[in-house]
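Peer 1: Dropping the sequence and predicted coords here.
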Amino acid sequence: MHPKLQLMRDSSMLPDPFSDERSDASSPDETLSRFNMLATKMDLTSQRQHISNLVTDFLQRSDFRAVQSPRDVDLREKLNVDVNNWGVDINPSMLEKMVETSCSYAETAFGHTSFEHRYYIALYTACMLYGEDLGEHDPDAVTQFARRLVRGDKQVSPIFDCLADLLKQAHLYWSDIGADAIITGTVDALTATAIEFATTGTPVAPSALRYPYYLRTRAGGGPQYTHFMFMRSWREKADSYLQILPEIEHWTLGTNDILSFYKEELAGETSNYVHLRADAESISPWDVLRHLTEEVLDTARRIDDITANDPELYALWNRYLQCYLEFSVRTPRYRLRELGIGYGM
């Protein structure tokens with residue numbers, strides 16, 4: 001795009017600064033008991049190797065090259081000051097992780113944007129990361145966000161006041177279409193958070209084929225993070241890249257699902273997109289993961305084809321692809337180093 005921030009947080013586009021602390025706290029026995037890997041009879045080593053092979057194959061077929069974006073110290077210092085001024089009670093270590101993750105996301109996937117844009121994205125991400133945590137502890141803060149936004153009322157939480165202020169500035173940084181998508185996408189994401197908590201434990205009915213993707217696209221923050229790629233100063237109007245927006249959103253969400261699968265299985269997550277889709281299609285999560293990998297790779301090829309006659313757009317898309325993969329591989333939250341996957345692969 002948080003300790004159990006939302007049911008599908010790990011399959012969100014939003015990074016999760018608190019998940020490492022949560023999952024690393026498990027004992028080896030607890031990890032092994034949760035790591036049942038879709039009720040297969042494979043042993044733990046075989047399970048890890050299976051996922052490692054799948055993820056490595058995906059990265060290689062994506063031509064991942066480990067860009068190694070520079071670390072933005074100024075961005076971290078500025079964001080750290082602002083989030084500490086929120087006046088909310090938050091564990092210092094969690095706050096540090098939130099700042100680091102938000103800045104890392106902005107400086108990699110959106111490193112081509114100006115400092116002002118990167119700061120907007122980092123602050124927005126921090127608001128969503130912490131703000132969505134309220135869905136578990138204070139659902140009213142989430143469900144009231146939209147109504148208070150349109151009325152111009154003060155939000156229940158100061159984090160949401162900050163988020164509302166950011167949305168009011170969106171048109172300064174992105175095209176009219178992009179800013180509108182950022183605003184509506186934010187409301188959709190928070191609404192989806194409320195839906196997820198309200199439907200905890202509700203099984204997905206077989207043949208409810210569109211529901212997993214419906215919830216995925218809203219909870220995942222796809223529209224806003226896709227439009228974050230395209231500064232208003234880069235191209236005033238969105239006409240030239242409109243047709244690739246849904247493709248980039250699909251690629252990003254799917255890539256996140258693939259690269260976060262190992263960590264989610266360790267945590268015993270079954271409310272993510274892979275598992276929900278498996279229930280809806282009455283197939284195994286392994287089959288979903290294999291299908292999804294091919295779908296995402298096919299989406300990337302089609303984006304290449306669509307942008308082939310626009311060198312500037314083609315270069316921007318390929319930079320985003322590489323840097324989003326870089327963020328995903330280098331962030332500790334996915335625990336990919338446990339699979340032997342890192343910059344030395």
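Peer 2: Received the coordinates, thanks.

Peer 1: okay, CA-based contacts and neighbour counts for the rest of this
Peer 2: Noted.

Peer 1: can you pull the contacts of His117?
Peer 2: Tyr173, Met231 (Cα atoms under 8 Å, 6 or more residues apart in numbering).

Peer 1: Let me know the pLDDT of it.
Peer 2: If you check His117, the pLDDT there is 98.

Peer 1: what helix or strand is it on?
Peer 2: Counting by DSSP states H and E, the element that carries His117 is helix 115-137.

Peer 1: residues of whichever helix or strand comes after that helix that come out buried?
Peer 2: Helices and strands here follow DSSP H and E; after helix 115-137, the next one along the chain is helix 139-143. By 16 or more other Cα atoms under 10 Å, the buried positions in helix 139-143 come out as Pro139, Ala141, Val142, Thr143.

Peer 1: Likewise for stretch 60-78?
Peer 2: Ser62, Phe64, Ala66, Asp72, Leu75, Arg76.

Peer 1: For it, measure first residue to last.
Peer 2: Taking Cα to Cα, to the nearest Å, the first and last residues of stretch 60-78 lie 36 Å apart.

Peer 1: which regions of the stretch 151-300 of the chain lie under the pLDDT threshold?
Peer 2: By pLDDT under 70, the stretch 151-300 of the chain has no low-scoring segment.

Peer 1: hmm, try it at 90
Peer 2: Along the stretch 151-300 of the chain, segments meeting pLDDT under 90 span 157, 193-203, 207, 219-220, 233, 235-239, 267-272.

Peer 1: Check the offset of the helix holding His117 from the chain's centre.
Peer 2: On the basis of Cα atoms, centre = their mean, to the nearest Å, helix 115-137 sits 12 Å off its chain's mean C-alpha point.

Peer 1: can I get the CA coordinates of it in CSV?
Peer 2: Output of helix 115-137 as CSV, limited to C-alpha atoms (Å, rounded to 0.1, in the frame of the first residue of the first chain):
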residue,chain,number,x,y,z
PHE,A,115,10.7,15.0,-3.3
GLU,A,116,7.3,16.7,-2.7
HIS,A,117,5.5,13.8,-4.4
ARG,A,118,7.5,11.2,-2.6
TYR,A,119,6.8,12.9,0.7
TYR,A,120,3.0,13.0,-0.1
ILE,A,121,3.1,9.2,-0.9
ALA,A,122,5.1,8.4,2.2
LEU,A,123,2.9,10.4,4.5
TYR,A,124,-0.2,9.0,2.8
THR,A,125,1.1,5.4,3.2
ALA,A,126,1.8,6.1,6.9
CYS,A,127,-1.7,7.4,7.4
MET,A,128,-3.2,4.3,5.8
LEU,A,129,-0.9,1.9,7.6
TYR,A,130,-1.8,3.3,11.0
GLY,A,131,-5.2,4.5,10.2
GLU,A,132,-6.4,1.1,9.0
ASP,A,133,-5.2,-0.3,12.3
LEU,A,134,-8.1,1.6,13.9
GLY,A,135,-10.5,-0.7,12.0
GLU,A,136,-9.7,-3.4,14.5
HIS,A,137,-9.8,-1.3,17.7
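
Peer 1: shouldn't Tyr314 be in contact with Ala300?
Peer 2: No: with contact defined as Cα atoms under 8 Å, Tyr314 does not count as touching Ala300 (11.3 Å).

Peer 1: Count the neighbours of Ile182 for me.
Peer 2: Counted by other Cα atoms under 10 Å, the residues lying close to Ile182 total 24.

Peer 1: which non-adjacent residue is nearest it?
Peer 2: Gln224 (4.1 Å; Cα to Cα, 6 or more residues apart in numbering).

Peer 1: Is that neighbour within a helix or a strand, and which one?
Peer 2: Going by DSSP H and E, Gln224 is part of helix 222-227.

Peer 1: elements contacting that helix?
Peer 2: Judged by 3 or more Cα pairs under 8 Å, 6 or more residues apart in numbering; DSSP states H and E, the packing partners of helix 222-227 are helix 176-198, helix 245-259.

Peer 1: again, only this time at 6 Å
Peer 2: helix 176-198 (3 or more Cα pairs under 6 Å, 6 or more residues apart in numbering; DSSP states H and E).

Peer 1: after the helix it packs on, next one along is what?
Peer 2: Going down the chain from helix 176-198, the next helix or strand is helix 211-219, by DSSP H and E.

Peer 1: Show me which positions of that next one end up buried.
Peer 2: Within helix 211-219, the residues that qualify as buried are Tyr211, Pro212, Tyr213, Leu215, Arg216, Thr217, Arg218, Ala219, counting by 16+ other Cα under 10 Å.

Peer 1: tell me how far the ends of stretch 265-274 are from each other?
Peer 2: Terminal residues of stretch 265-274 are spaced 11 Å apart (Cα to Cα).

Peer 1: Give me the distance from it to the chain's centre.
Peer 2: With Cα atoms, centre = their mean, you get 15 Å for stretch 265-274.

Peer 1: again with stretch 229-239
Peer 2: 22 Å.
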